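*Asks:* no sequence for this one, just the structure:
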């Protein structure tokens with residue numbers, strides 16, 4: 001989590017209360033103003049301080065962090081471009097959560113689901129997956145395997161059809177009557 005300790009607590013609270021997001025393990029938080037120290041969460045767990053937001057690139061290299069949640073403060077975020085750039089360089093998905101939406105209740109608006117959680121409004125940025133080439137190769141392999149198996153098993157299918165025809169006293173293939 002990138003944000004102030006209070007924002008880290010709010011994100012952790014939302015993630016705890018959401019069964020879908022409960023699968024995420026919080027590794028720690030990066031402070032915006034250089035404040036250090038663990039953040040005590042409501043469930044009693046200490047969320048470790050990983051460094052200042054400027055340290056994000058180094059920590060992403062050293063730790064196996066699968067996604068980053070960045071809390072965008074209402075006053076702006078001059079650090080945002082560098083932090084998103086670090087995540088982009090290391091292909092780490094980023095969820096940008098506007099801080100005012102964490103603390104306000106929405107009237108007629110509802111939160112659209114994202115990869116992070118259905119209860120946290122966020123903008124999700126993820127690396128573009130290049131599945132097109134793989135899907136084309138997979139399709140060619142599927143067709144080739146199907147044709148090969150049909151050719152190999154066609155004598156067995158023919159033997160089964162002949163056995164059914166010889167052992168069935170009536171017609172083995174049903175022809176419906178046509179009324180003209």
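*Replies:* Nice, thanks for sending it over. Here the structure is a predicted model, which means the values were calculated and not measured.
*Asks:* and residue 38, how many neighbours does it have?
*Replies:* 13 (other CB atoms under 10 Å). For glycine as for every other residue, the C-beta is placed from the backbone atoms N, C-alpha and C.
*Asks:* Residues in a beta bridge with the residue nearest to it when sequence neighbours are not counted, which ones?
*Replies:* Of all residues not flanking residue 38 in the chain, residue 46 sits nearest, at 4.0 Å (CB to CB, 6 or more residues apart in numbering). Legend: beta-bridge partners of residue 46 under DSSP bridges are residue 40.
*Asks:* next SSE after the helix or strand residue 57 falls within?
*Replies:* Secondary structure from DSSP states H and E places residue 57 in helix 56-62. Next in sequence after helix 56-62, counting helices and strands by DSSP H and E, comes strand 68-72.
*Asks:* Could you list every helix and strand in contact with that following strand?
*Replies:* helix 5-17, helix 80-89, strand 94-98, helix 99-103 (3 or more CB pairs under 8 Å, 6 or more residues apart in numbering; DSSP states H and E).
*Asks:* Which positions in the helix holding residue 57 come out as buried?
*Replies:* 56, 57, 59, 60 (16 or more other CB atoms under 10 Å).
*Asks:* With distance to residue 15 and pLDDT as extra columns, can I get these in CSV?
*Replies:* Below are the buried residues of helix 56-62 laid out as CSV (distance: CB to CB, whole Å; pLDDT from 0 to 100):
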residue, distance to residue 15, pLDDT
56, 19, 90
57, 24, 90
59, 19, 90
60, 20, 90
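*Asks:* Roughly how far does the residue nearest to residue 38 sit from residue 3?
*Replies:* 17 Å (CB to CB, to the nearest Å).
*Asks:* Looking at the two, which has the bigger crowd around it?
*Replies:* residue 3 (24 against 11).
*Asks:* What does the pLDDT read for the more buried one?
*Replies:* What the model reports as pLDDT for residue 3 is 86.
*Asks:* Which residue is the nearest non-sequential neighbour of it?
*Replies:* residue 71 (3.2 Å).
*Asks:* burial measure for that neighbour, as a count.
*Replies:* With other CB under 10 Å as criterion, residue 71 counts 24.
*Asks:* How about the one 4 residues further on?
*Replies:* Residue 75 has 7 neighbours, counted by other CB under 10 Å.
*Asks:* go on, the one 10 residues further on?
*Replies:* Residue 85: 12 surrounding residues under other CB under 10 Å.
*Asks:* low-scoring pLDDT stretches of this protein, where are they?
*Replies:* 18-23, 106-132, 171-176, 180 (pLDDT under 70).
*Asks:* sorry, back to before: might one say that the residue nearest to residue 3 is in contact with residue 5?
*Replies:* No - counting by CB atoms under 8 Å, residue 5 is not a contact partner of residue 71; they are 10.6 Å apart.
*Asks:* Longest helix of this structure, counting residues only.
*Replies:* Looking across the chain with DSSP state H, the single longest helix is helix 132-167.
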